[in-house]
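Novice: Task: produce atomic coordinates for the following.
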Amino acid sequence: MGLFDRIKKIFSSPDSEQKNKEEAQEQKIQHSQQESQEHLVDGQDTQKVSEQRIKKEEPVLEKIKEEKFKKTEPEDTQRKEEVVLEDSTSEIKVNDPDKAEPSSPITKKNTEANREEENTVDKEKKSLDPSEKKIKKELVDSREKERKEKEWQTKQEAKAAEEAKKKAEAQKIEEAKKKVDQEEKKQLNKSLEKTKEGFFSKLSRAVVGKSTIDAEVLDQLEETLIQSDVGVQTTLKIIDAIEARVANDKYLSTKELQGMLREEITHLMLGDKASNEIESILGNKTSGQPYVIMVVGVNGVGKTTTIGKLAYGFKKIGLNVVLGAADTFRAAAIDQIKVWGERVNVPVISQKMGSDPASVAFDTLESAKAQNADIVLIDTAGRLHNKINLMNELTKIKNVMQKVVPNAPDEVLLVLDASTGQNAIEQAKQFTKATQVNSLALTKLDGTAKGGVVIGISDQFQIPVKYIGVGEGIDHLQIFDKKAFVESLFAS
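Specialist: Okay, here's the model as predicted:
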């Protein structure tokens with residue numbers, strides 16, 4: 001039974017005229033509700049219209065209810081209220097689309113309408129004008145191009161910043177290197193002052209009053225070179241070369257003699273700093289093995305001090321260094337190298353005095369390999385060049401070291417005292433006979449006028465001079481550069 005049928009039953013009246021009037025009103029309302037429901041089936045918009053109509057007709061229905069309530073007996077009041085409440089609830093359920101059951105026809109029609117609308121939008125998107133698609137594509141491409149350009153610009157800026165940083169660092173290193181070179185040159189000039197004074201004072205006396213180079217001048221030059229401890233053989237080579245050049249031009253002045261002498265000495269000497277000593281060591285170093293340097297020389301030449309200064313130089317550039325105290329014939333030698341090890345902060349392998357030097361060398365190399373050392377410096381006893389038994393000990397040490405590191409030692413460094421002059425040349429002769437010396441270190445150049453011995457030793461033995469001692473400081477051991485040496489020797 002519908003809402004209005006139940007209202008009609010409750011509020012029945014004997015007054016037929018009033019009854020007919022009310023029935024007409026009810027039929028009119030029912031007809032309106034039926035039309036609203038039909039419109040709801042057509043879609044959401046029709047539903048809204050129906051709801052508005054129902055809301056307009058609700059006051060009329062309420063008015064009819066009030067009139068009937070007045071005519072009804074008091075006991076029927078509660079019944080009327082219950083029916084009205086029930087009918088109102090039913091009306092709300094019908095008119096509220098949000099609370100409609102999912103299975104209702106209205107909800108299904110609304111869902112289908114939404115889907116049709118979405119399909120229509122998709123079709124419209126797909127049927128876009130080709131020109132619109134082109135504009136859209138151009139916009140996307142433009143944005144992508146801008147993004148790539150910005151990314152490229154960012155990379156270029158980062159690259160430029162990195163290059164500027166590297167350039168600044170390289171410039172800083174170059175400036176530091178120049179500063180070191182200037183300091184080394186200054187120290188070298190200072191160490192050769194006595195040699196320069198003795199050599200050039202004699203040379204000046206030989207050519208005084210002479211306008212050209214003649215036999216007398218050459219004789220005076222020969223005497224000067226020998227007195228400067230250049231050595232007889234090397235002196236004769238220099239004189240012969242100058243004579244050949246003078247023969248081509250009889251009118252060479254004595255001022256030009258100094259230039260020729262400089263060129264000939266440079267030509268005879270070995271040792272060019274262009275072949276960097278450190279790079280040479282690392283280049284010759286066997287992979288996974290330390291570079292072993294066995295240091296030899298007589299007592300008093302500055303052998304242990306040279307080892308300490310070398311360790312300082314290698315450690316300064318980041319190399320891992322180990323020292324071996326294989327001079328076990330003198331207690332002071334072991335203590336001295338330990339002091340140097342503490343001073344430059346490098347480990348020293350040693351045994352007690354009188355131990356077998358070969359055993360110390362063996363332990364040193366074993367320890368160096370365990371520590372992954374880059375450089376090993378082995379100190380040996382201060383052998384006199386006329387002591388055959390001591391000289392033979394060097395061969396034993398070499399043989400034992402080769403059990404740990406094949407082909408060890410990589411270098412045998414002979415340390416000579418430049419202040420001993422011709423005696424240093426004699427020591428070099430004996431040591432080169434006893435063992436395979438392949439590098440030289442000349443010490444104490446700063447305290448002697450016999451610096452010319454460097455020229456003679458380098459030429460005579462064809463062994464490169466690698467290091468020269470130019471002072472007592474820990475950093476006063478320089479890598480030898482023949483050009484810098486000759487320029488300093490002839491500098492005014």
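Novice: for this structure, which helix is longest?
Specialist: Longest helix of the chain, by residue count under DSSP state H: helix 130-191.
Novice: For that helix, which helices and strands make contact with it?
Specialist: Packing contacts for helix 130-191, counted by 3 or more C-beta pairs under 8 Å, 6 or more residues apart in numbering; DSSP states H and E, involve strand 477-479, helix 482-490. Backbone N, C-alpha and C define where each C-beta goes, glycine included.
Novice: any weak-confidence spans in the stretch 351-492 of the chain?
Specialist: Within the stretch 351-492 of the chain, the stretches with pLDDT under 70 are 383-388, 390-391, 492.
Novice: where exactly do the strands run in it?
Specialist: Listed in chain order, the strands of the stretch 351-492 of the chain (DSSP state E, counting those that start in this stretch) span 375-379, 411-417, 439-443, 465-469, 477-479.
Novice: could you dump the fourth one to PDB, C-alpha only?
Specialist: In this case it means strand 465-469. Output of strand 465-469 as PDB, limited to C-alpha atoms (Å, rounded to 0.1, in the frame of the first residue of the first chain):
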ATOM      1  CA  VAL A 465     126.900  10.400  -9.500                       C
ATOM      2  CA  LYS A 466     123.400  10.300  -8.000                       C
ATOM      3  CA  TYR A 467     123.800  12.300  -4.800                       C
ATOM      4  CA  ILE A 468     126.000  15.100  -3.500                       C
ATOM      5  CA  GLY A 469     126.300  16.300   0.100                       C
END
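Novice: Direction included, what does it pair up with?
Specialist: If you go by DSSP bridges, strand 465-469 pairs up with strand 439-443 (parallel), strand 477-479 (antiparallel).
Novice: Same list, these, but as CSV with distance to residue 389 and mean neighbour count please.
Specialist: Shown next, in CSV, are the strands paired with strand 465-469 (distance: least, C-beta to C-beta, whole Å; neighbours: other C-beta atoms under 10 Å):
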stretch, distance to residue 389, mean neighbour count
strand 439-443, 24, 25
strand 477-479, 31, 20
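Novice: still on that earlier bit, could you dump the helices and strands packed on helix 130-191 to TSV with distance to residue 362?
Specialist: Shown next, in TSV, are the helices and strands packed on helix 130-191 (distance: least, C-beta to C-beta, whole Å):
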stretch	distance to residue 362
strand 477-479	28
helix 482-490	37
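Novice: Which of the ones you listed sits closest to residue 219?
Specialist: Ranking those by proximity to residue 219 (C-beta to C-beta) places helix 482-490 first, at 21.0 Å.
Novice: Which of the helices and strands packed on helix 130-191 sits closest to residue 199?
Specialist: helix 482-490 (7.5 Å).
Novice: Surely residue 442 is in contact with residue 470?
Specialist: No. Using C-beta atoms under 8 Å, residue 442 is not in contact with residue 470, being 9.8 Å away.
Novice: The longest helix of the chain vs strand 465-469, what angle?
Specialist: For helix 130-191 against strand 465-469, the angle by axes from the mean of the first three to the mean of the last three C-alpha atoms, to 10 degrees is 60 degrees.
Novice: how near is residue 348 to residue 334?
Specialist: Taking C-beta to C-beta, to the nearest Å as the measure, residue 348 falls 9 Å from residue 334.
Novice: in stretch 143-162, what's buried?
Specialist: Within stretch 143-162, no residue counts as buried by 16 or more other C-beta atoms under 10 Å.
Novice: What average pLDDT does that stretch get?
Specialist: On average, the pLDDT along stretch 143-162 is 90.
Novice: got it, and stretch 244-251?
Specialist: Averaging pLDDT along stretch 244-251 gives 72.
Novice: Residue 393: how many residues sit nearby?
Specialist: Residues near residue 393, counting by other C-beta atoms under 10 Å, number 20.
Novice: need the contact list for the closest residue to it other than its chain neighbours.
Specialist: In this structure, residue 393 finds its nearest non-sequential neighbour in residue 357, 6.3 Å apart by C-beta to C-beta, 6 or more residues apart in numbering. Under the criterion of C-beta atoms under 8 Å, 6 or more residues apart in numbering, the contact list for residue 357 reads 326, 327, 328, 329, 380, 381, 393, 396, 397.
Novice: how about the nearest residue to the third one, chain neighbours excluded?
Specialist: Of all residues beyond its chain neighbours, the one nearest residue 328 is residue 355 (4.7 Å), with distances taken as C-beta to C-beta, 6+ apart.
Novice: How about the second one?
Specialist: For residue 327, the nearest residue in space outside its immediate sequence neighbours is residue 333; the separation is 3.9 Å by C-beta to C-beta, 6+ apart.
Novice: Kindly export stretch 160-168 (C-alpha atoms) in PDB.
Specialist: Extracted in PDB, the C-alpha atoms of stretch 160-168 (Å, rounded to 0.1, in the frame of the first residue of the first chain):
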ATOM      1  CA  ALA A 160      85.500  23.700 -15.600                       C
ATOM      2  CA  ALA A 161      85.600  23.900 -11.800                       C
ATOM      3  CA  GLU A 162      87.500  20.600 -11.500                       C
ATOM      4  CA  GLU A 163      90.000  21.700 -14.200                       C
ATOM      5  CA  ALA A 164      90.500  25.000 -12.400                       C
ATOM      6  CA  LYS A 165      91.100  23.200  -9.200                       C
ATOM      7  CA  LYS A 166      93.700  20.900 -10.800                       C
ATOM      8  CA  LYS A 167      95.400  23.800 -12.500                       C
ATOM      9  CA  ALA A 168      95.600  25.700  -9.200                       C
END
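Novice: Show me where the stretch 301-450 of the chain has its helices.
Specialist: Per DSSP state H, counting those that start in this stretch, the stretch 301-450 of the chain carries helices over the ranges 303-316, 331-344, 357-370, 388-401, 422-434.
Novice: among these, which is nearest residue 229?
Specialist: Minimum separation from residue 229 across the helices of the stretch 301-450 of the chain (C-beta to C-beta) falls at helix 422-434, 6.0 Å.
Novice: picking up where we left off before, need the strands of the stretch 351-492 of the chain in CSV with distance to residue 137, can you?
Specialist: Conversion of these to CSV gives the following (distance: least, C-beta to C-beta, whole Å):
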stretch, distance to residue 137
strand 375-379, 67
strand 411-417, 72
strand 439-443, 74
strand 465-469, 72
strand 477-479, 68
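Novice: Tell me which of these sits nearest to residue 243.
Specialist: Between residue 243 and the strands of the stretch 351-492 of the chain, the tightest spacing by C-beta to C-beta is seen for strand 465-469, at 26.9 Å.
Novice: Next, the angle from that closest one to strand 411-417.
Specialist: With the same axes, to 10 degrees applied, the angle from strand 465-469 to strand 411-417 works out at 40 degrees.
Novice: Not counting its own residues, what contacts strand 465-469?
Specialist: Outside strand 465-469, the residues that touch it by C-beta under 8 Å, 6+ apart are 188, 191, 269-271, 277, 302, 306, 309-310, 413, 418, 439-446, 454, 457-458, 476-480, 482, 485.
Novice: Same check on stretch 236-246?
Specialist: The contact list for stretch 236-246 (C-beta under 8 Å, 6+ apart) reads 213, 218, 221-222, 225, 230, 252, 257, 260-261, 264-265, 267-268, 459.
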